[in-house]
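> what follows is a protein structure lacking sequence information:
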Ligand SMILES: CC(C)(COP(=O)(O)OP(=O)(O)OC[C@H]1O[C@@H](n2cnc3c(N)ncnc32)[C@H](O)[C@@H]1OP(=O)(O)O)[C@@H](O)C(=O)NCCC(=O)NCCS
């Protein structure tokens with residue numbers, strides 16, 4: 001389902017379950033992001049239960065993934081894939097042509113997910129994260145999304 005400012009608390013709860021303490025975004029962070037241009041977010045449900053989140057930002061023909069996570073008990077059920085498919089289709093209908101993201105080179109699960117979905121490696125940022133790890137920059141050609 002689409003998420004908006006009224007879901008900031010739920011988004012923060014989902015984020016807390018998906019990320020280490022040092023990486024968590026609180027309710028105020030989500031509220032602040034919704035007050036900025038180009039934000040679109042979804043919560044994926046497993047049955048009735050909120051299971052994961054995706055937040056994107058679009059500016060003209062480019063977009064970026066701000067955050068993506070699935071609660072541990074709901075992983076490997078294609079929920080992140082579904083979130084990304086929904087996000088990509090929406091961005092494409094809104095005129096975006098390329099979707100970018102940064103992911104730690106140590107995040108094997110996320111890197112595997114993005115490569116499986118057709119994202120391509122396009123850069124590397126040295127010591128990008130607080131733990132000193134590099135980020136891989138990946139991109140996805142949204143013009144390849146089939147309607
Ligand atoms: C990365 C993450 C979002 C994946 O969510 P998910 O719902 O489990 O992903 P999916 O079920 O859609 O996985 C699709 C494919 O991605 C790959 N993949 C996902 N998790 C994987 C893992 N732990 N190890 C290896 N490959 C993995 C597999 O190819 C998988 O297909 P398969 O299950 O048929 O083998 C989830 O592990 C997560 O929330 N991690 C913590 C937060 C995070 O790192 N977010 C990304 C920041 S950029």
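Thanks, I have the structure now. Because the structure is predicted, anything quoted here is derived from the model rather than measured. Numbers count the residues shown, from 1 in each chain.

> could you pull up the mean pLDDT of the top strand by length along the chain?
Ranked by residue count, the top strand of the chain under DSSP state E comes out as strand 49-59. When pLDDT is averaged over strand 49-59, the result is 98.

> where in the chain is pLDDT low?
Residue ranges of the chain with pLDDT under 70: 146-147.

> picking that back up, next structured bit after the longest strand of the chain?
Using DSSP states H and E, the helix or strand that follows strand 49-59 towards the C-terminus is strand 62-70.

> which residues touch whichever helix or strand comes after that next one?
The first helix or strand that comes after strand 62-70 along the chain, using DSSP H and E, is helix 79-93. Helix 79-93 has contacts (C-beta atoms under 8 Å, 6 or more residues apart in numbering) with 40, 42, 44, 46, 51-54, 56, 58, 63, 65, 68-70, 99, 113, 116-117, 140, 142-143, 145, 147. For glycine as for every other residue, the C-beta is placed from the backbone atoms N, C-alpha and C.

> near the ligand, from those residues?
With C-beta under 6 Å from any ligand atom as the criterion, these include 68-70, 113, 116 near the ligand.

> most neighbours of all those residues, which one?
Counting neighbours by other C-beta atoms under 10 Å, residue 70 leads those with 26 neighbours.

> mind listing what's buried along the helix or strand containing residue 136?
Assigned by DSSP H and E, residue 136 belongs to strand 135-141. In terms of neighbour count (16 or more other C-beta atoms under 10 Å), strand 135-141 has its buried residues at 135-140.

> does anything pack onto it? Which helices or strands?
For strand 135-141, the helices and strands in contact under the criterion 3 or more C-beta pairs under 8 Å, 6 or more residues apart in numbering; DSSP states H and E are strand 98-104, helix 108-116, strand 120-125.

> put together JSON lines for the ones you listed, with distance to residue 83 on each row.
Formatted as JSON lines, those follow (distance: least, C-beta to C-beta, whole Å):
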{"stretch": "strand 98-104", "distance to residue 83": "13"}
{"stretch": "helix 108-116", "distance to residue 83": "10"}
{"stretch": "strand 120-125", "distance to residue 83": "19"}
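
> good, wrapping up.
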